[in-house]
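Trainee: give me a model of this one.
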Amino acid sequence: MHSEAQKSENVTLLPDFSCHTLRHTFATRMCEMGINLKVIQDVLGHSDFSTTMNVYIDATSDFKKKEFQTLEKLLKGGSAE
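Mentor: Have a look, this model is predicted:
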């Protein structure tokens, strides 16, 4: 049987987060995957599009970089894929 000290050494604590944080991440990831923004709005149950865009979806640095790489390809006459 483990002592109390051994038990506490093996505990992994999660950082503080809320259901709002999970919704926020879910919305951002859906946007990054190219899901239609009106679909994201509907899934989150927002009647106002600005709530979806201004509260729940972030433009992460990786996402911005990817989008500008796509733009660069298009400007060079290539396809977005």
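
Trainee: going by C-alpha atoms from here, please, whenever you check contacts or count neighbours.
Mentor: OK.

Trainee: so where's this protein uncertain?
Mentor: Applying pLDDT under 70 to the chain picks out residues 1-8, 80-81.

Trainee: please, where are all the helices along it?
Mentor: 4-9, 19-32, 37-44, 49-51, 61-75 (DSSP state H).

Trainee: tilt between the second one and helix 37-44?
Mentor: Counting by axes from the mean of the first three to the mean of the last three Cα atoms, to 10 degrees, helix 19-32 lies at 160 degrees to helix 37-44.

Trainee: I figured Thr28 was touching Asn54, is that so?
Mentor: No - between Thr28 and Asn54 there is no contact under Cα atoms under 8 Å: 11.1 Å.

Trainee: could the helices of the chain go into JSON lines alongside mean neighbour count?
Mentor: Shown next, in JSON lines, are the helices of the chain (neighbours: other Cα atoms under 10 Å):
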{"stretch": "helix 4-9", "mean neighbour count": "9"}
{"stretch": "helix 19-32", "mean neighbour count": "16"}
{"stretch": "helix 37-44", "mean neighbour count": "15"}
{"stretch": "helix 49-51", "mean neighbour count": "13"}
{"stretch": "helix 61-75", "mean neighbour count": "13"}
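
Trainee: what's the distance between the spatially closest residue to Lys38 that is not a sequence neighbour and Met33?
Mentor: Leaving aside its chain neighbours, Lys38 sits nearest to Phe49 (7.7 Å; criterion: Cα to Cα, 6 or more residues apart in numbering). Per Cα to Cα, to the nearest Å, Phe49 is found 19 Å from Met33.

Trainee: how about Val11?
Mentor: 34 Å.

Trainee: ok, now Leu75?
Mentor: Applying Cα to Cα to Leu75 and Met33 gives a distance of 22 Å.
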